[in-house]
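Novice: Give me coordinates for this.
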Amino acid sequence: MPVKNRFAETHAEITGWRRYLHQIPELQFDLFETSTFVEQKLRDFGIADITTGVAKTGIVAVIKGKTDTRGRVIGLRADMDALPIEEQTGLEYASKTPGKMHACGHDGHTAMLLGAAQYLAETRNFDGTAVLIFQPAEEGGGGGRVMVEEGLMERWGIQEVYGMHNMPGLAAGEFAIRSGALLAATDEFVITVTGQGGHAAAPHEAVDPNVAAAHVILGLQSIASRIVDPMAQVVVSVCALHSDTEAFNIIPQTVQMRGTVRTLDEKVRDLAETRLHNIVSATAQAHGCVAEIDYVRGYPATVNAEENTVFAAEAAQAVAGSVITDTPPIMAGEDFSYMLNACPGAYIMVGNGAEGATVHHPAYDFDDGAIPAGCSWYAEMIERRMPAA
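Specialist: Residues are numbered from 1 along each chain as shown. From the prediction side, this is the model:
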């Protein structure tokens, strides 16, 4: 079955919702205007079973099918938060809030799940219960983890959970997925190397933390090139480097490095963290310095269950006529991982157009041409996994 006719009819309406959301970006858990809009739309659709305030501003809405003979419960999730980026699109519906924008397409995800909610509330052509999850704070806040900790799966009896994210570089409305790890674990580190400051003209009278930091950066690259199995995937990136002086003639006392480690496998994750500590400490000591390491584990890898990946791909095939089922893993992270760790399910990518800016870029914009396919996939998951009795 191709894109559902109902979404061709409501495409312009859903696009309007998306563009309104794009103008009111909010960050992390402080999604008061966004969640109010979502709640009102759900009530306009005639959905009465709505719980607000989950993970502060998250919303869970329940739609019962025409029958419930099997007691099946399927969850669908969309994230709602924006990013602290100054928008540079020049669009007529650009962000109205300086320093905030929907640069990752969460406005599109929210609008597509709202579109599916409208359709499911109208038709109820399924046997079971659809639970629609509108999540805050995906961008660094771990809203998915908080919702799970607040009993998301248990409170609503969710048996399977599915999510979707747009994918720049893939034609709008096409789908891509893979079984197993699709997105990476996202760990962060802050390394502070302390030496002994001094005059730049007399380096022998100082202990230069810059030299130690430079060797640390080079040494960390051996984690990927010499420590982890070449068939596994790991990224170690030092992304910021600062000292306690900006003068041209002062050797600093301290140098701080900030960066990230990305992995797809828990054993590789453990190995990378251990060897980072070893390399940093030994390298600093070899240069007469002392290193302090603050290593924080972030989102776990997003791992699709094999059986549920098949279900998600079948729905995508029905909507789009084809689906990429072996898309390469992406080393970005996603806190839908917490939901997948708590419940069987799968995460799928929907194309956001072959051209245009990538996510987290100030010129990014969600491709509204993907809306009918995205809405159809959400709805198809419910009707396919819980066919009408």
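Novice: Pull up the gap between the nearest residue to residue 157 once chain neighbours are set aside and residue 187, please.
Specialist: Leaving aside its chain neighbours, residue 157 sits nearest to residue 73 (4.8 Å; criterion: Cβ to Cβ, 6 or more residues apart in numbering). From N, CA and C alone the C-beta is placed, and that goes for glycine too. In this view, residue 73 and residue 187 are 33 Å apart by Cβ to Cβ, to the nearest Å.
Novice: Name the residue in these two with the higher neighbour count.
Specialist: Neighbour totals were compared for residue 73 and residue 187, and residue 187 leads with 22 against 19 (other Cβ atoms under 10 Å).
Novice: and the more buried one, what element?
Specialist: Counting by DSSP states H and E, the element that carries residue 187 is strand 185-194.
Novice: which other helices and strands contact that strand?
Specialist: For strand 185-194, the elements it packs on are helix 209-220, strand 254-263, helix 266-286, strand 290-296, judged by 3 or more Cβ pairs under 8 Å, 6 or more residues apart in numbering; DSSP states H and E.
Novice: tilt between it and helix 266-286?
Specialist: Our comparison of strand 185-194 with helix 266-286, counting by axes from the mean of the first three to the mean of the last three Cα atoms, to 10 degrees, yields an angle of 10 degrees.
Novice: oh, and call the first residue 292 from now on, that's how I've got it
Specialist: Sure thing, new numbering starts at 292, so read that last one as strand 476-485.
Novice: Strand partners (parallel or antiparallel) of strand 476-485?
Specialist: strand 545-554 (antiparallel), strand 581-587 (antiparallel) (DSSP bridges).
Novice: Need the residue closest to the centroid of the protein.
Specialist: The chain has residue 625 as the residue nearest its centroid, 3.0 Å off, counting by Cα atoms, centre = their mean.
Novice: and of the helices and strands packed on strand 476-485, who's closest to residue 346?
Specialist: strand 581-587 (20.0 Å; Cβ to Cβ).
Novice: Please name the residues that touch residue 345.
Specialist: Taking Cβ atoms under 8 Å, 6 or more residues apart in numbering, we find residue 345 in contact with 351, 438, 441, 443.
Novice: Dump the residues you listed to TSV, plus secondary structure, pLDDT and neighbour count.
Specialist: What follows is the contacts of residue 345, written out as TSV (DSSP: H, G, I helix; E, B strand; the rest coil; pLDDT from 0 to 100; neighbours: other Cβ atoms under 10 Å):
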residue	secondary structure	pLDDT	neighbour count
351	strand	98	24
438	helix	98	27
441	coil	98	15
443	helix	98	26
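Novice: Which one of these is nearest to residue 508?
Specialist: residue 438 (37.2 Å).
Novice: if we can go back for a sec, for the very next helix or strand once past the strand holding residue 478, packing partners?
Specialist: Next along the chain after strand 476-485, taking DSSP H and E as the criterion, comes strand 489-490. Applying 3+ Cβ pairs under 8 Å, 6+ apart, one finds that strand 489-490 contacts strand 541-542.
Novice: Strand partners (parallel or antiparallel) of the strand it packs on?
Specialist: strand 489-490 (antiparallel).
Novice: Report the mean per-residue pLDDT for the partner strand.
Specialist: Strand 489-490 carries an average pLDDT of 96.
Novice: re the thing from before, the strands paired with strand 476-485: which one's closest to residue 657?
Specialist: Residue 657 sits nearest to strand 545-554 of all the strands paired with strand 476-485, at 24.4 Å, using Cβ to Cβ.
Novice: if we can go back for a sec, how about the CA coordinates for the strand holding residue 478, as CSV?
Specialist: What follows is strand 476-485 as a C-alpha-only set of coordinates in CSV (Å, rounded to 0.1, in the frame of the first residue of the first chain):
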residue,chain,number,x,y,z
ALA,A,476,26.8,5.6,22.1
THR,A,477,27.9,9.1,22.9
ASP,A,478,30.4,9.5,25.7
GLU,A,479,32.1,12.8,26.6
PHE,A,480,35.4,13.6,28.3
VAL,A,481,37.2,16.6,29.8
ILE,A,482,40.9,16.2,30.2
THR,A,483,42.8,18.8,32.2
VAL,A,484,46.7,18.6,32.0
THR,A,485,48.6,20.6,34.6
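Novice: if I look at residue 431, how far off is residue 522?
Specialist: Using Cβ to Cβ, one gets 30 Å for the distance from residue 431 to residue 522.
Novice: now the helices and strands packed on strand 476-485 as a markdown table including mean neighbour count?
Specialist: Below are those laid out as a markdown table (neighbours: other Cβ atoms under 10 Å):
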| stretch | mean neighbour count |
| --- | --- |
| helix 500-511 | 20 |
| strand 545-554 | 21 |
| helix 557-577 | 17 |
| strand 581-587 | 15 |
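Novice: Please name whichever of these is nearest to residue 396.
Specialist: Of all the helices and strands packed on strand 476-485, strand 545-554 comes closest under Cβ to Cβ, at 20.5 Å.
Novice: got the contact list for that closest one?
Specialist: Contacts for strand 545-554 (Cβ under 8 Å, 6+ apart): 475-486, 500-501, 503-504, 507-508, 511, 523-535, 560, 563-564, 567, 592, 622-624.
Novice: Filter those down to the buried ones and express that as a PyMOL selection.
Specialist: Burial among those is assessed by 16 or more other Cβ atoms under 10 Å; the matching PyMOL selection reads:
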select buried, resi 475+476+477+478+480+482+483+484+485+486+500+501+503+504+507+508+511+524+525+526+527+529+534+560+563+564+567+592+622+623+624
